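Q: Build me a structure from this.
(2 chains)
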Protein chains: 2
Amino acid sequence: MKEIPGGVCAVRGVCAHGIKEGKNGLALITGDGVSAGVFTKNKVVAAPLIITRMHLAEHRLYAVVANSGCANALTGTRGLADATRTAEMVAGRFGVPADLIGVASTGVIGVHLDMGWIENRVDSVIAGLSDTPEGSAAAAQAIMTTDTTQKEFAVELTSGVRIGGITKGSGMIRPNMATMLAFIYTDADLPHETLDSCLKRAVNRSFNMIVVDGDTSTNDMVLLTATAKSGAGASDRNEFQEGLDHVCTELAKMIARDGEGAEKLIEARVTGAETEEDARMAAKAIVQSPLVKTAVHGNDPNWGRVIAAVGYSGADINPDNVSLALCGVSVMDCGRAVDGADVDMSGENIMIAVDLGLGAGKAVAWGCDLTCEYVRINAEYTS
Amino acid sequence: MKEIPGGVCAVRGVCAHGIKEGKNGLALITGDGVSAGVFTKNKVVAAPLIITRMHLAEHRLYAVVANSGCANALTGTRGLADATRTAEMVAGRFGVPADLIGVASTGVIGVHLDMGWIENRVDSVIAGLSDTPEGSAAAAQAIMTTDTTQKEFAVELTSGVRIGGITKGSGMIRPNMATMLAFIYTDADLPHETLDSCLKRAVNRSFNMIVVDGDTSTNDMVLLTATAKSGAGASDRNEFQEGLDHVCTELAKMIARDGEGAEKLIEARVTGAETEEDARMAAKAIVQSPLVKTAVHGNDPNWGRVIAAVGYSGADINPDNVSLALCGVSVMDCGRAVDGADVDMSGENIMIAVDLGLGAGKAVAWGCDLTCEYVRINAEYTS
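A: Reported below is the predicted structural model:
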């Protein structure tokens, strides 16, 4: 497996484009194929998710259209009509049924889509569709909200199969998805059942293991479409899973690193848990703790806060068995503080490794530091 | 029931004093009687809690000694010995067994108590013991860490029974206790079983319903002691419960209002939930959401964030039944945004009222806004 440029457009059969004007953006990705999706677990579900879930009933998408600036959430029947109309507009241009179009939105909750703005830009977005890296980049930029960087990643597997994706964060990120959109394409040739189970596994170990602020959005969506155009014939499931895990993990880390106001990436690795679920709870509690996040921001090796977070995470622990290393330096060994540990927390990547000393369960979670900039961004968002 | 001055010293049979020198403080409260306690649910439990839980085996305390500046948590067998030694020092001065002394600590995790500092100050704290309001105030000040105000409250019930308490916050506060100490006294005459169940109920509706940052500390403790000195004979349980609920709620709101860096108190009232537990989850999710907290900080009536928090809280909801008022102004009515709602969020007390429209479950939770000052305080805490 090797990293390649081009984002979604690295995948054979995929074109993309997008435009961004102030807070509003419109992105379009075409790539006909078998599709699977994962959606927010928030009980308040935005209109585009309801429509896209319906459209996925036949496990196939022709294109995905996504807007930024307005979440089209808590918008009632008018919101559903607007999401449907957006799909119909795109479908009409391509002469395909509307239920082959996925629709996604990200932005402010509780306001209606500006359908005139979207309608006036659909043709120019379609005219700009391209299978070059520039196409993917334009789409990745168009879905950004408070993201500071566009987020794309692609790999080519040994078999020649390619997997590429774009994503956006960057607040409201937490376990079980976030204001987080990811559109992933592959030219692998795989049946829906395989795509679906591979996607669930990959999301569970990547997007579901990042935390920015602990809020879960109404609009989270990850879509995976397989164009079957790699030319390599039927694809190997294990190789594909490994590649998809890698793409999802790299995209997820980009989101965590670019969390609102973030200056540092925190990686929490938990080993020795009784179960994998315990390890997941402990790792997520660490990267979600405001006290850990502020300590990291202040370059403060305040390991007591890490242990306290593990203690309330719900994971089974025995304090006498717990060992902890910060940035590679052991600070706690089987429940005892290591005297004279000298930890340098000034870097941009902070590794927190906890061994619970109980079993074989392990997990990794990613987060970011908590800064004044986060507060500033979110205190001013709608005003 | 009426509010009276004097904090713990409003209660007959109680004396208190405390001293504060920089980050270190030592408080002592004497009041012999039947006692009950509630402790952190964090699986990492600080040494003083282990010792105090043991000392409560006979359901009686003669005095409580509490230090600030060092949590005596994750300090191993030396930590247990230090907590025991602190109790012995106090017990020796009064000629009572050490297991009649409650011990509490708050401050930095992972460092040892400065036993010399404590030993050198025990006699002067005892010499200063007083049954006046000044005694309670000195004790309340001595247990402060990043608190900006001392926290005391007392009431006199119709029967003449008095209940008074002191508490401290102010980070690491969340459901199921926090770096939160509360020492509550009453001169009621009640058996241990009644005290214990009344305390659990009161804590569940007060201290367990406040959130500052979602972290749960290793050191949380609420102790209740009844001196039976009211002169009113055996006390009425219902009247006592009502009084205790009120004292605990007022103390809890003081903590939320004085959350680290906080400028505003948020009160989330949820009604119409299917169950009380659903209402509790929804109310706590609102006051814990960083996006709600930052919106309140920015005077931004961003009600979509409130609904999103309710949606991921775990409570059963039907978006079409949900109504929401911010500061008394209806912004959402049975799932529909109210046009032209004009909400003034500039006050210091922000009321969020959610009616889920499903059942009779209700709950109230309290929190505070999230500010740059919170980040600054916690990025610099140990350095």
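
Q: Leaving out chain neighbours, which residue sits closest to the one residue in the stretch 51-200 of chain A that gets nearest to chain B?
A: Taking CB to the nearest CB, chain B has its nearest neighbour within the stretch 51-200 of chain A at residue A:109, 2.6 Å off. Heads up, the C-betas are built off the backbone N, CA and C, glycines and all. Excluding the flanking residues, the one nearest residue A:109 by CB to CB, 6 or more residues apart in numbering or on different chains is residue B:304, at 2.6 Å.

Q: what about the one you found, how many neighbours?
A: Neighbourhood size, residue B:304 [other CB atoms under 10 Å in any protein chain shown]: 25.

Q: Show me what the helix or strand hosting it is in contact with.
A: Per DSSP states H and E: residue B:304 is located in helix B:303-312. For helix B:303-312, the surrounding residues in contact (CB atoms under 8 Å, 6 or more residues apart in numbering or on different chains) are A:41-44, A:71, A:73-74, A:108-110, A:172, A:176, A:215-218, B:270, B:282, B:285-286, B:288-289, B:291-292, B:295, B:317, B:319, B:322, B:324, B:326, B:331-332, B:352, B:354, B:356.

Q: Surely residue A:33 is in a strand?
A: Yes. Under DSSP: H, G, I helix; E, B strand; the rest coil, residue A:33 sits within a strand.

Q: remind me which residues of chain A are low pLDDT?
A: Along chain A, the model assigns pLDDT under 70 to residues A:170-178, A:212-217, A:381-383.

Q: quick one, helices of it?
A: Listed in chain order, the helices of chain A (DSSP state H) span A:47-55, A:76-94, A:115-127, A:133-142, A:192-205, A:237-257, A:276-288, A:290-297, A:303-312, A:372-379.

Q: tell me which residues in the fourth one are buried?
A: To tie it back to what came earlier, the one meant is helix A:133-142. Buried residues in helix A:133-142, defined by neighbour count with 16 or more other CB atoms under 10 Å in any protein chain shown: A:133, A:135, A:136, A:137, A:138, A:139, A:140, A:141, A:142.

Q: Let me have those in a markdown table, extended by distance to residue A:122.
A: Shown next, in a markdown table, are these (distance: CB to CB, whole Å):
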| residue | distance to residue A:122 |
| --- | --- |
| A:133 | 23 |
| A:135 | 16 |
| A:136 | 19 |
| A:137 | 20 |
| A:138 | 15 |
| A:139 | 14 |
| A:140 | 19 |
| A:141 | 17 |
| A:142 | 13 |
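
Q: any idea which of those is closest to residue A:255?
A: Proximity of these to residue A:255 (CB to CB) peaks at residue A:140, which lies at 12.2 Å.

Q: I'd like the distance between the closest one and residue A:63.
A: Distance of residue A:140 to residue A:63, computed by CB to CB, to the nearest Å: 16 Å.

Q: and if you look at residue A:118?
A: Plainly put, residue A:118 is 14 Å away from residue A:63 if you go by CB to CB.

Q: So the two - more neighbours on which side?
A: More crowded of residue A:118 and residue A:63, by other CB under 10 Å: residue A:63, with 24 against 20.

Q: Let me see the contact set for the nearest residue to the more buried one once chain neighbours are set aside.
A: Spatial nearest neighbour of residue A:63, chain neighbours left out: residue A:30 (4.4 Å); criterion: CB to CB, 6+ apart. By CB under 8 Å, 6+ apart, the residues touching residue A:30 are A:14, A:15, A:16, A:62, A:63, A:94, A:129.

Q: For the third one, name its beta-bridge partners.
A: If I follow you right, that is residue A:16. In this entry, residue A:16 is beta-bridged to residue A:29, residue A:130, by DSSP bridges.

Q: Check the burial of it by counting its neighbours.
A: Residue A:16 - counted by other CB under 10 Å - has 36 other residues nearby.

Q: which residues touch it?
A: Residue A:16 makes contact with A:7-9, A:27-30, A:129-130, A:135-136, A:138-139, A:166, according to CB under 8 Å, 6+ apart.

Q: And the last one, by the same measure?
A: Contact partners of residue A:129, counting by CB under 8 Å, 6+ apart, are A:15, A:16, A:17, A:28, A:30, A:135.

Q: now do 6 Å
A: Neighbouring residues of residue A:129 by CB atoms under 6 Å, 6 or more residues apart in numbering or on different chains: A:15, A:17.

Q: Repeat that for the fourth one.
A: For residue A:62, the contact set (CB under 6 Å, 6+ apart) comprises A:32, A:96, A:100.

Q: at 7 Å instead, please
A: A:30, A:32, A:94, A:96, A:100, A:101 (CB atoms under 7 Å, 6 or more residues apart in numbering or on different chains).
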